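Asks: coordinates only, sequence not included:
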């Protein structure tokens, strides 16, 4: 179960931008997210860790890079995507 802080952070502007980017592009590396969304590495890692903890994204190490994908089968991910489609964000 998510606490209020986690929900508010996931549904914050940066959290939703990461979800939207992964939804539209399929995958990203940490560096790709930093450049595309213009966020610093510390912030990106913080959000990646949070989204990963709740199963919204998958993080897989490939060589020295971390490949990040959206977990489209996760229960939280399905609810967030459904909501974002209803409000016209996706």
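Replies: Looks like it came in fine. These numbers come from a predicted model, not from an experiment.

Asks: count of neighbours near residue 56?
Replies: Residue 56 is flanked by 25 other residues according to other CB atoms under 10 Å. Using the backbone N, CA and C atoms, a C-beta is placed for each residue, glycine as well.

Asks: What sits closest to it if chain neighbours are left out?
Replies: Ranked by CB to CB, 6 or more residues apart in numbering and with sequence neighbours excluded, the top spatial neighbour of residue 56 is residue 77, at 4.9 Å.

Asks: Contacts only, for that neighbour.
Replies: Neighbour list for residue 77: 19, 55-56, 70-71 [criterion: CB atoms under 8 Å, 6 or more residues apart in numbering].

Asks: hmm, try it at 10 Å
Replies: By CB atoms under 10 Å, 6 or more residues apart in numbering, residue 77 lies in contact with 19, 22-23, 51, 54-57, 70-71.

Asks: Specify the residue positioned farthest from the middle of this protein.
Replies: residue 63 (21.2 Å; CA atoms, centre = their mean).

Asks: Next one: that one from residue 29, what distance?
Replies: Note on residue 63: its distance to residue 29, by CB to CB, to the nearest Å, is 10 Å.

Asks: for residue 50, same thing?
Replies: Applying CB to CB, the value for residue 50 to residue 29 is 18 Å.

Asks: who has more neighbours, those two?
Replies: Taking neighbours as other CB under 10 Å, residue 50 and residue 29 compare with residue 50 leading, 18 against 14.

Asks: Hmm, that one is touching residue 59, no?
Replies: No. Using CB atoms under 10 Å, residue 50 is not in contact with residue 59, being 11.6 Å away.
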